[in-house]
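Asker: sharing a model that was predicted from the sequence below.
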Amino acid sequence: MDPVLTPPPNRITFTRGVLTRVRVENAEEFEAAVAANAAHLRDWVPWADDPEGRHLRGGGAEVDWVSGVSYLYAVRPAADGPVIGGLGLYRRIGDGGIEIGYWLDASHTGTGLATVAVEALTTVALDLPDVTRVEIHTDEANRPSSAIPQRLGYRLVRVDQVEARTAAETGRLQIWITP
């Protein structure tokens, strides 16, 4: 029998905004934010340029949430604000583990917003009863993305050689884990 997976909360407030669960009724807004940032994201997010890929992420978020596969959040500066990024929790790294992925609108990068949002989501993830570790996976060439787990005290535990998904990636996947 599969264990019952406890989902995280639908809304997470943090110092600079709020993470809101991506649902069917707001999936188009999420997908539009990704599309608007495709040029900024394409080096690191293989589905950013693909309308079908964006829809699978946004439109499929409800099914994935209910099944416990993943939990997708829109990053907003306020509860009624626009989507300025996305954060997700993904149950794809084995028992006891959950992975965090993230992206931000180009105009909000380099401001520390992603760091405080990931910090909030890390805390929530570690409070889930079935989670004992949180991982962040970053390509070695994506220095801004890998700076976030470093700032938050994650440890680099290994670098895996994987197939690069985009032209900018090296295929050297850094695996960061909570202390």
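Answerer: Yep, it's here.
Asker: where do the helices sit along this protein?
Answerer: 27-36, 38-41, 51-58, 61-67, 113-127, 143-151 (DSSP state H).
Asker: by average pLDDT, which secondary structure element in this protein comes out worst?
Answerer: The helix or strand of the chain with the lowest confidence, counting by mean pLDDT, DSSP states H and E, is helix 51-58 at a mean of 68.
Asker: one step back: looking at the helices of the chain, which has the lowest confidence?
Answerer: By mean pLDDT, the lowest-scoring of the helices of the chain turns out to be helix 51-58, with a mean of 68.
Asker: what's the pLDDT at residue 161?
Answerer: 98.
Asker: wait, doesn't it sit right on residue 171?
Answerer: Yes: applying C-beta atoms under 8 Å, one finds residue 161 in contact with residue 171, separated by 6.0 Å. The C-beta positions use only the backbone N, C-alpha and C, and glycine is treated the same way.
Asker: which of those two has more residues huddled nearby?
Answerer: Set residue 161 next to residue 171 and count neighbours by other C-beta atoms under 10 Å: residue 171 wins out with 13 against 9.
Asker: tally of neighbours for the closest residue to that one other than its chain neighbours?
Answerer: Leaving aside its sequence neighbours, residue 171 sits nearest to residue 164 (C-beta to C-beta, 6 or more residues apart in numbering; 4.0 Å). Number of residues near residue 164 (other C-beta under 10 Å) recorded here: 15.
Asker: export stretch 105-124 as CSV, just CAs?
Answerer: Extracted in CSV, the C-alpha atoms of stretch 105-124 (Å, rounded to 0.1, in the frame of the first residue of the first chain):
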residue,chain,number,x,y,z
ASP,A,105,10.3,37.0,-14.2
ALA,A,106,13.4,38.7,-15.7
SER,A,107,12.6,42.0,-14.0
HIS,A,108,12.7,40.4,-10.6
THR,A,109,15.9,38.4,-10.8
GLY,A,110,18.9,39.6,-8.8
THR,A,111,16.8,41.1,-6.1
GLY,A,112,16.9,38.3,-3.5
LEU,A,113,13.2,37.5,-4.1
ALA,A,114,13.9,34.0,-5.3
THR,A,115,16.1,33.3,-2.2
VAL,A,116,13.4,34.3,0.3
ALA,A,117,10.7,32.4,-1.6
VAL,A,118,12.8,29.3,-1.8
GLU,A,119,13.6,29.7,1.9
ALA,A,120,9.9,29.8,2.7
LEU,A,121,9.2,26.8,0.6
THR,A,122,12.1,24.8,2.1
THR,A,123,10.6,25.4,5.6
VAL,A,124,7.2,24.2,4.4
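Asker: thanks a lot, see you next time.
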